[in-house]
Structure formats: structure tokens, C-alpha cells
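[1] below are the sequence and a predicted model; questions follow.
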Amino acid sequence: MPTLWSSGAWRRVRATLKASLLFGTAFISTASPVCAFEPGSTFMLLPGMTMGVPYAYFGSPGIYMNNFASYGTNTVPRAVAPGHGDIHVDATIDLVSLRWTTPWTLFGGTYGVAVIQPVVTQSQYGEIPGKGAITPTDVGGIHDTIVTPGMLSWQFPQRLFVAAGLRIGVPDGTIQGINGLSNIGAPYWMIQPTFDIAYLNDGWNIDANFFYDFYTTNPYSTVSNGQVFRADLAAAHKFGRFEIGPVGYLAIQTTKDTGGNTAGYLATKGAINTCEPLPNGAFNGCARAAKAGVGGKIGYDFGVAQINLLLTDSVLSRGVGGANGWRVWTQAMFKLYNETPAAPAVVAPIPD
């Protein structure tokens, strides 16, 4: 049985991820918005990225590859923009994931592991009333790698699947700036329990993917982002090879951001970086965030691959992380390697 995590296999996985990211970036200019809790921070996995994907269904043993892409323009809500101005962000993400569905079971469920590598670019621009245009900024690069060391999938009657797992965001992205958040990477860890449900019967693909994010403290600023509950939802039906239906996503910051040192940053860095209350009600960028969007999906089953196109628009926007905006999403899913058990040896009879 080959192991996915041997040194040689891991080098091949990394090479495959890099090649796939280049292909995905060429295919569509894609994205993660500025979903800031602490100013400059981002969700490690964009809310809505798994809409319409039956994550609870692992398939037969083998290695599966997904390429998810998204592009859109977001507008930071006026209530939290400095000076109540309009700040816009053109944001793109290309995300490649590899999942190994193993032939093993644990507690009656199929065991799998996965690795996800996002690449992000974003351009910020806009104007603050009374202060004029803000300085446009463009950043891009490798975002933090997300590793799933273990997940389990159980199948129930009528092709109902339930899965649970754990994702870990590793702070290995492009990190710059006085608070470590001036570029794409984030200098803190994410711990994300996951719970997924999928109903795949009678032509239906109804799925609900739930996540809960915990973040460690940013060592540059001592700010700790609040915890986040997220849900990606879809209900599609097949008509021949086509699949059509509504989709939606929700992300709510359930606890507030904490920490930071205003006085220390003013004295040593010349800038404010804190999530604690500031004098005279000054803006600190750490309002508790919430965002949601709804839209539709159309997919096509090629037999060897599934391709989906989605379009969503915002219906809820609160806090810096709740930036308004429409988004276009693409999803490509296929199997790279089919792991089948070796056929039993057949001994030919001795002729008479």
C-alpha cells in the first residue's frame, strides 16, 4: 500500500499542486476578499468556497483533485470604513486540494486525509469623504496551507452521507508588515472542526458543509481574531448530465476580537493596531463580522470530471469581514488515481 506522506510522494504532491495552481490561475483570475477581523487579516478558507460540493461523500479509494476558483469585487460597509467612505477590493483566489480516500475504516467510517493550497491576489482602492482617494494597494501570493490530518465519512440508507474532520491552517504564506498582515499570508494558526452532510439520491445533490474556526494569537500584534461559524449550502437536481439549483453561504463571527497594544504600536510602529476600544470612539477595524450570500449553480457531469459554475450576491454584510459584493465561482472535481485492490492470483490447471 503506497503512503501519501512518504518524502517522495510528498514532493510529487507539492509539484502537482504548483502545476495545478498555474493552470487554475490561467483558467480564471480568481479570489479571496479582504475579510478582515484584525485589520488586514483574511479568512483562510473563503466562505462559500464549498457550496454545491458533497464533502461528506468520499468516493472509492484513491486520490481526488479539486480546483476551486472565485472572483468578485467587494465593498467594505460604510458603517465600518474609516470616515464612512467607500473602500473597494477586487479579490481573487485559486484553491487546489488533494484528498486521499484511503481503503481503511475507523469507527465504521471511511478514513481520508487532504491538503489545500490557496493562491490569493487583491487590489484595494476607494475614497474617504473629506480625505480624498486612498492609496491603491495590490498584493498577492501564496496563502497559508490548510492540512486535514483526518476525516471520516459514514454512509446511511438512501445514499445519505455524514462526515466529520479537522482542518489546520499552517502560517506558511507570504507574511509582511508591522502586524504580519500586509501581504497574503497570516502569521497565526487556524483550527477548524468540520461537519458535512450530503444526500445523493434520485438525481438530487443536497449538501451542507459546516465549519467552526478557532485562531491563535497573532505574534506580531498580539491580536486574537474571534471564532467563526460558517455554513455552505446547496440543493441541486440533475437533468441528464446537467445539475441546477440554488446555493448560499453564511459566516458569523461568534466572539469578538481581543488583544493588541495601542500605546505600544503608536510608540514603536507609528500606527494603531488593536481590537480594544479606542479613545473618542476611533475606528479600530475590529467590529464583529457577519456575511451571507445567495445565488445559483449550474454543473455538468463529464463522467470523468464534474464542472460547476456559480454566481452569488451578498444578502448580509456586517463588520469589515462582511464586505458586500457579487462573486463568480468555478469548481472542477475529478479523480487522479484509482486505488483498487490487487486481483487474486489465478493458477492455471495442469493439462492432462
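    Looks like it came in fine. Numbering: from 1, shown residues only.
[2] ok, what's across the strand from Thr148?
    Using DSSP bridges, the bridge partners assigned to Thr148 are Ala114.
[3] show me where the stretch 251-352 of the chain dips below the pLDDT cut-off.
    Low-confidence segments of the stretch 251-352 of the chain (pLDDT under 70): 261-287, 319-324, 340-352.
[4] if we use 50, what do you get?
    342-352 (pLDDT under 50).
[5] next one: the chain
    Judged by pLDDT under 50, the stretches of the chain that qualify are 1-7, 9-10, 12-36, 79-83, 342-352.
[6] quick one: the helices in it, in order.
    7-27, 262-268 (DSSP state H).
[7] so how far is Tyr55 from the residue nearest to Phe210 when sequence neighbours are not counted?
    Excluding its sequence neighbours, the residue lying closest to Phe210 (C-beta to C-beta, 6 or more residues apart in numbering) is Phe195, at 4.6 Å. Where you see a C-beta, it was placed from the backbone N, CA and C, and this is true even at glycine. Going from Phe195 to Tyr55 by C-beta to C-beta, to the nearest Å gives 10 Å.
[8] okay, these two: which has more neighbours?
    Higher neighbour count among Phe195 and Tyr55: Tyr55, with 24 against 16, using other C-beta atoms under 10 Å.
[9] which residue sits closest to that one in space, ignoring its chain neighbours?
    That would be Asp196: by C-beta to C-beta, 6+ apart, it lies 4.2 Å from Tyr55.
[10] my read: the one you found touches Leu160, true?
    No - judged on C-beta atoms under 8 Å, Asp196 makes no contact with Leu160 at a distance of 11.6 Å.
[11] who's more crowded, those two?
    Asp196 (23 against 16).
[12] so what's the more buried one bridging to?
    Ala163, Asn209.
[13] and for Gln331?
    Phe68, Asn308.
[14] from Ala69, how far out is it?
    8 Å.
[15] swap in Met51?
    Relative to Ala69, Met51 is positioned 13 Å away (C-beta to C-beta).
[16] list residues touching both of those two?
    Residues within reach of Met51 and of Ala69 at once, by C-beta atoms under 8 Å, 6 or more residues apart in numbering, are Trp329.
[17] all good on my end, thank you.
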